[in-house]
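[1] Have a look at this prediction, sequence included:
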Amino acid sequence: MKAIETEGLTKVFKDPLRRKPIEALTDLSLQIAEGEVFGFLGHNGAGKSTAIKLFVNLLFPTSGRVTVLGRDVSDPRVRAQVGYLPENPYLYDHLTAEELLRFGARVSDIGPGAAAEEIDRLLALVDLSHARKRPVRTYSKGMLQRAGLAMALVGNPRVVILDEPMSGLDPLGRHLVANVIRHLRGQGRTVFFSTHILPDVEHLCDRVGIIAGGALQFVGAVSSDGLREPNAWTIAVADLPRTLETQFLNAGIGVVRSPRAVDISVNRDTLYVVLDLLRKEDVRLQSMTPKRESLEDIFLRETAKSQHRAE
């Protein structure tokens, strides 16, 4: 069972001031595994928040469907399993953080004794124990974000959906929210969060999806070094017959000679062809070095492709 699954999810808004409807999200098909931290990366206006509001049933799709933990998001049983933090959380500002969480616990049918333990745990998790008795109207931007995050975690939801959770936070605030996401991953919970901040995705996520112009452009596993799976390689050989070098160059395969070796640049399409030709010519391999495309390179490329198609 997938934590979140969408099929052909599309949302079109009608604008009375414009003749043409606005297609904010187009044919989104995506699968998020249980226990996965998934980053939804895109520039402002790319369609991230629209998708998330469809995930939590705050918007209704024009077409397509979305399920959470195997159930349609309209099923009331889903709500008890999902924690949601909007981009700009609205909190009752006359209440204290403790009162907010007590309210959340009551809505979640958590008894008074268990609620007290839950409140203490969550306030410590988001570093607000010291401000638990203060009205949230006295909180800074970062403290408000952390209070909203604590509210989203009431009841230990299996799926946590966060819309731009680190937007506008200072480095300390971002570090704390990142640690909370790591904590949730350690508990085996699913975290789906949107952002336009690349380092957050690189350091926290198992996989990333890049959205631009309302359409999903890329999905892949990433790390701080870029794509986990290499997309190109440099093959170093002791020597290379000139006939084979000419054949490679004519096929658009890069060949660079140096005093110590000959470097051959290959990608996924040419890797096995080149290795087979080298084997047939009995060419000795010295090394084979993977190259990984950075997340920034992928993001800029996919965003530029989307803009080109729109033009």
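    Everything's here; your move. Residues are numbered from 1 along each chain as shown.
[2] Now do the helices in the protein.
    48-55, 76-79, 97-107, 112-125, 141-152, 171-186, 198-204, 242-250, 271-280, 295-310 (DSSP state H).
[3] Highest mean neighbour count across the ones you listed, which stretch is it?
    helix 48-55 (a mean of 24; mean count of other CB atoms under 10 Å). Where you see a C-beta, it was placed from the backbone N, CA and C, and this is true even at glycine.
[4] so what secondary structure elements neighbour that one?
    strand 4-13, strand 22-32, strand 37-41, strand 63-68, strand 159-163, strand 190-195 (3 or more CB pairs under 8 Å, 6 or more residues apart in numbering; DSSP states H and E).
[5] between the helices of the chain, which gets nearest to Gly35?
    helix 171-186 (7.3 Å; CB to CB).
[6] elements contacting the closest one?
    Counting by 3+ CB pairs under 8 Å, 6+ apart, helix 171-186 packs on strand 37-41, helix 141-152, strand 190-195, helix 198-204.
[7] re the thing from before, for Glu23, find the nearest of the helices of the chain.
    Closest to Glu23 of these is helix 48-55 (CB to CB; 10.0 Å).
[8] thinking again about what came up before, please identify which of the helices and strands packed on helix 48-55 is closest to Ser108.
    With respect to Ser108, and counting by CB to CB, the nearest of the helices and strands packed on helix 48-55 is strand 159-163 at 14.2 Å.
[9] separation between the spatially most central residue of the chain and Val180?
    By CA atoms, centre = their mean, the chain has its centre lying nearest to Gly39, at 0.7 Å. The spacing between Gly39 and Val180, counted by CB to CB, to the nearest Å, is 15 Å.
[10] ditto for Glu34
    Applying CB to CB, the value for Glu34 to Val180 is 19 Å.
[11] now Thr138
    For Thr138, the distance to Val180 equals 22 Å [CB to CB].
[12] Rebuild the helices of the chain as CSV, extending it with mean pLDDT and distance to Thr62.
    Shown next, in CSV, are these (pLDDT from 0 to 100; distance: least, CB to CB, whole Å):
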stretch, mean pLDDT, distance to Thr62
helix 48-55, 96, 10
helix 76-79, 90, 20
helix 97-107, 93, 30
helix 112-125, 93, 37
helix 141-152, 92, 27
helix 171-186, 92, 31
helix 198-204, 86, 28
helix 242-250, 93, 50
helix 271-280, 93, 42
helix 295-310, 72, 19
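[13] Adding distance to Ala232, write those out as CSV.
    Shown next, in CSV, are the helices of the chain (distance: least, CB to CB, whole Å):
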stretch, distance to Ala232
helix 48-55, 29
helix 76-79, 42
helix 97-107, 49
helix 112-125, 42
helix 141-152, 39
helix 171-186, 30
helix 198-204, 19
helix 242-250, 15
helix 271-280, 8
helix 295-310, 12
